[in-house]
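[1] following is a predicted model, sequence given first.
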Amino acid sequence: MSSLVPRLESLAVNVANQLSPGEEPSRAGATTPGLKRLSRPLEAINIPHKKITSICCIGAGYVGGPTCAVIAQKNPHVKVTIVDLNAGRIAAWNSDNLPIYEPGLDEVVKTARGRNLFFSTDVDAGILEADLIFVSVNTPTKIKGIGAGFAADLGYVESATRKIAQVAKSNKIVVEKSTVPCRTAQSMRHILEANAPPNIQFDILSNPEFLAEGTAISDLFYPDRVLIGSLDTESGRSAAASLADIYAGWVPRDQIITMNLWSSELSKLAANAILAQRISSINALSAICEATGADIDEVSYACGLDSRIGPKFLKASVGFGGSCFQKDILNLVYLSESLHLPEVATYWKQVVEMNEYQKRRFTNRVISCLFNTLTGKKIAVFGFAFKKDTGDTRESPAITLVNYFREEKAYISIYDPKVEESQVWMDLTEPGVVDETEAVKRQVSIAANPYEAASGADAIVICTEWNDFRDTVLDYEKIYEGMKKPAFIFDGRLILDAKKVEKIGFKVETIGRPRSTFTQSKDFE
Ligand SMILES: NC(=O)c1ccc[n+]([C@@H]2O[C@H](COP(=O)([O-])OP(=O)(O)OC[C@H]3O[C@@H](n4cnc5c(N)ncnc54)[C@H](O)[C@@H]3O)[C@@H](O)[C@H]2O)c1
Ligand SMILES: O=c1ccn([C@@H]2O[C@H](COP(=O)(O)OP(=O)(O)O[C@H]3O[C@H](CO)[C@@H](O)[C@H](O)[C@H]3O)[C@@H](O)[C@H]2O)c(=O)[nH]1
């Protein structure tokens, strides 16, 4: 594995080449005050750089779409073209029914689309015209070959890079927006330099994206930081300054941080690993709470009041999901193993293993509370998205839970306010397995609303924390009337006032809290 990922020692060579304070910049152009380097955090640097007038974003997904729509909205004099090979997705971006659901996204797109924001399948034209190109394509976990199950599949990044090399006729700033392993920029450079005409200069930047789904627009409007990694060469710094100008359209300069490329690439994986680690830590503690009588919400609250810990990302759950956390940690595990750091790899791997354990543990609790069998029982699954305020189901814990329930021969009725029915069938079937959808449909149905999902059910399992499922919004008395008795609710997201719902008659089981007195009785042992 060691040959696949360059050794850390070689990073030092690239880090060593720092700009000296009085160094004369060589390219004429605008100047950018306030660019920060970590090594000299308070130093303002004036760097001549090109003013960007045309941007192309390759990849119109959850990141490329919202990010470049906001860039266009905030920089009305810059033409932004978002391109994708997926014609259906581009058509949706050009319609009133955008391909992704994000609060606030419609308004941003409506302001800029047709003015300076364009969505197109013409990748070549987008590349030709742009001064700066974001590569915002998917980087899923490899499913085959060396590193399968851990390493990132960089095939999409490579093909986008090759396309840039093939089409470009003028100098380009190429920006890694996708989350990539450390030193991917170097591979991109090799591909560009080997395939493009020698008179074209490419500057490669790392500009990882930190938006979270469901809050993408507010995360983009008010980012904690914008990170720009560049080579510490004159042209690298100049390219970073050009990109910084774009963000300075709305982000305060002191929140635009520049650093070396490899630190920037690694910071993205590191941030996700640390966030996921907090969730796995609190979920591990939730198991102790259930066994002791402690309450995980109270433990989180007490810990979060410590200003060194802080309150965010300490909400116990049925497990974290989403397209990023697991993928990026596995990527970090692979990187660590490749660098001959097995202890480091094991440490991060445990974060993912704890997440799997949490989903299995919650399922076991459902089975045990439902008298040790789910055979023929109806389970209403509230929420299929991996978190609230998104229709995205990638790595959603609900998928794992539904599959476990199916193995136990339960009937499952799913309701989610934003997930498309076709997406549910895709998530519950293996690609290419003939007739599998029919088999799934014999056990799983999609409900039009939560009342329909719970009608005749033995239990409700809350998998996503949609506000729609709160006891202040839903009529749980009406739901209770329609269910089999005893009627159970398994709150995997700590969103219900358990006492209030218990008064209706429900048997409530909450993650991170001990079992209810009902299921603690001897009959359940
Ligand atoms: N989803 C998030 O919240 C999030 C946040 C931060 C970072 N990221 C990272 O951003 C990257 C993109 O994630 P996403 O969720 O937007 O993925 P996505 O799958 O939603 O979108 C990627 C898009 O790229 C297109 N594409 C792939 N190869 C292409 C090519 N050669 N030419 C043109 N289009 C091409 C695909 O058709 C797809 O529409 C990933 O590396 C991810 O880890 C994601
Ligand atoms: O206290 C918490 C916080 C989150 N979650 C779960 O963790 C998962 C991920 O949530 P979140 O991080 O809010 O959403 P993502 O869209 O996956 O965003 C993460 O992944 C993105 C992709 O890399 C990064 O850009 C973001 O900074 C990072 O937060 C979801 O299933 C959440 O329900 C919990 O269980 N408990």
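    Looks like it arrived, so ask away. Ligands and ions are numbered 1, 2, ... in the order given.
[2] for the rest of this, base every contact and every neighbour count on C-alpha atoms.
    Will do.
[3] what does the stretch 301-450 of the chain have sitting close to ligand 1?
    residue 324 (C-alpha under 6 Å from any ligand atom).
[4] show me where the stretch 301-450 of the chain has its strands.
    Along the stretch 301-450 of the chain, counting by DSSP state E, counting those that start in this stretch, strands occupy 378-382, 411-415, 444-446.
[5] winner for burial among those?
    Highest mean neighbour count of these: strand 378-382, a mean of 28 (counted as mean count of other C-alpha atoms under 10 Å).
[6] that strand vs ligand 2: in contact?
    No - Strand 378-382 is not in contact with ligand 2 by C-alpha under 6 Å from any ligand atom; minimum separation 13.7 Å.
[7] so which residue is dead centre in the protein?
    residue 324 (4.0 Å; C-alpha atoms, centre = their mean).
[8] which SSE is the residue lying closest to that one once chain neighbours are set aside in?
    In space, and not counting its chain neighbours, residue 324 is closest to residue 272: 7.6 Å by C-alpha to C-alpha, 6 or more residues apart in numbering. Residue 272 belongs to helix 261-292 when elements are defined using DSSP states H and E.
[9] quick one: that helix near ligand 1?
    No - applying C-alpha under 6 Å from any ligand atom, one finds helix 261-292 separated from ligand 1 by no less than 8.3 Å.
[10] what about that helix, average pLDDT?
    Averaged over helix 261-292, pLDDT sits at 97.
[11] for that helix, packing partners?
    strand 202-206, strand 226-230, helix 296-304, helix 325-338, helix 342-369 (3 or more C-alpha pairs under 8 Å, 6 or more residues apart in numbering; DSSP states H and E).
[12] 10 Å - rerun?
    Here helix 261-292 touches helix 9-15, helix 184-195, strand 202-206, strand 226-230, helix 296-304, helix 325-338, helix 342-369, going by 3 or more C-alpha pairs under 10 Å, 6 or more residues apart in numbering; DSSP states H and E.
[13] chain center to that helix: distance?
    Centroid separation between helix 261-292 and its chain, computed with C-alpha atoms, centre = their mean, to the nearest Å, is 14 Å.
[14] residue contacts, the closest residue to ligand 1 within the stretch 151-300 of the chain?
    Ranked by C-alpha to the nearest ligand atom, the top residue of the stretch 151-300 of the chain for proximity to ligand 1 is residue 178, at 3.5 Å. With contacts defined as C-alpha atoms under 10 Å, 6 or more residues apart in numbering, residue 178 is in contact with 59, 63-64, 134-139, 154, 156-157, 206-209, 265, 268.
[15] narrow those to those in helices?
    Taking DSSP state H, the ones among those that sit in helices are 64, 156-157, 265, 268.
[16] tell me which two of these sit farthest apart.
    156 and 268 (18.7 Å; C-alpha to C-alpha).
[17] could the helices and strands packed on helix 261-292 go into JSON lines alongside distance to residue 500, mean pLDDT and mean neighbour count?
    Formatted as JSON lines, the helices and strands packed on helix 261-292 follow (distance: least, C-alpha to C-alpha, whole Å; pLDDT from 0 to 100; neighbours: other C-alpha atoms under 10 Å):
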{"stretch": "helix 9-15", "distance to residue 500": "57", "mean pLDDT": "28", "mean neighbour count": "12"}
{"stretch": "helix 184-195", "distance to residue 500": "53", "mean pLDDT": "95", "mean neighbour count": "17"}
{"stretch": "strand 202-206", "distance to residue 500": "50", "mean pLDDT": "97", "mean neighbour count": "26"}
{"stretch": "strand 226-230", "distance to residue 500": "44", "mean pLDDT": "96", "mean neighbour count": "26"}
{"stretch": "helix 296-304", "distance to residue 500": "17", "mean pLDDT": "98", "mean neighbour count": "17"}
{"stretch": "helix 325-338", "distance to residue 500": "34", "mean pLDDT": "96", "mean neighbour count": "24"}
{"stretch": "helix 342-369", "distance to residue 500": "20", "mean pLDDT": "98", "mean neighbour count": "18"}
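[18] so can I have CSV of these showing distance to ligand 2?
    Shown next, in CSV, are the helices and strands packed on helix 261-292 (distance: least, C-alpha to the nearest ligand atom, whole Å):
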stretch, distance to ligand 2
helix 9-15, 23
helix 184-195, 16
strand 202-206, 14
strand 226-230, 12
helix 296-304, 9
helix 325-338, 6
helix 342-369, 9
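[19] now these as TSV including distance to residue 397?
    Converted to TSV, the helices and strands packed on helix 261-292 look like this (distance: least, C-alpha to C-alpha, whole Å):
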stretch	distance to residue 397
helix 9-15	37
helix 184-195	30
strand 202-206	31
strand 226-230	30
helix 296-304	19
helix 325-338	12
helix 342-369	7
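[20] of those, which approaches residue 494 most closely?
    Using C-alpha to C-alpha, the nearest of the helices and strands packed on helix 261-292 to residue 494 is helix 296-304, at 8.1 Å.
[21] relative to helix 261-292, how tilted is that closest one?
    130 degrees (axes from the mean of the first three to the mean of the last three C-alpha atoms, to 10 degrees).
[22] run through the neighbouring helices and strands of helix 296-304.
    Checking 3+ C-alpha pairs under 10 Å, 6+ apart, helix 296-304 ends up next to helix 261-292.
[23] and the angle from the helix it packs on to helix 325-338?
    120 degrees.
[24] helix 261-292 close to ligand 2?
    Yes - Helix 261-292 reaches ligand 2 (C-alpha under 6 Å from any ligand atom) through 272, 279.
[25] next, the angle helix 342-369 makes with that helix.
    40 degrees.
[26] next, the buried residues of helix 261-292.
    261-266, 268-270, 272-274, 276-290 (16 or more other C-alpha atoms under 10 Å).
[27] wait, the residue nearest to residue 324 sits on residue 320?
    No - contact criterion C-alpha atoms under 10 Å: residue 272 and residue 320 do not qualify, at 11.6 Å.
[28] can you list residues touching both of the two?
    residue 326.
[29] what about stretch 73-88, start to end distance?
    23 Å (C-alpha to C-alpha, to the nearest Å).
[30] what does stretch 71-79 give?
    Taking C-alpha to C-alpha as the measure, stretch 71-79 stretches 10 Å from start to finish.
[31] give me the contact list for it.
    By C-alpha under 10 Å, 6+ apart, stretch 71-79 touches 51-56, 66-69, 80-81, 107-113, 115-118, 129-130, 220-221, 245-251.
[32] which ChimeraX command selects the buried ones in the residues you listed?
    Applying 16+ other C-alpha under 10 Å to these, the buried members can be selected in ChimeraX as follows:
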select :51,52,53,54,55,56,66,67,68,69,80,81,108,109,111,112,113,116,117,118,129,130,220,245,246,247,248,250,251
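[33] which of the contacts of stretch 71-79 fall in strands?
    In strands, defined here by DSSP state E, the members of the contacts of stretch 71-79 are 54-56, 80-81, 117-118.
[34] which residues of the stretch 1-150 of the chain score low on pLDDT?
    The model of the stretch 1-150 of the chain has pLDDT under 70 over residues 1-46.
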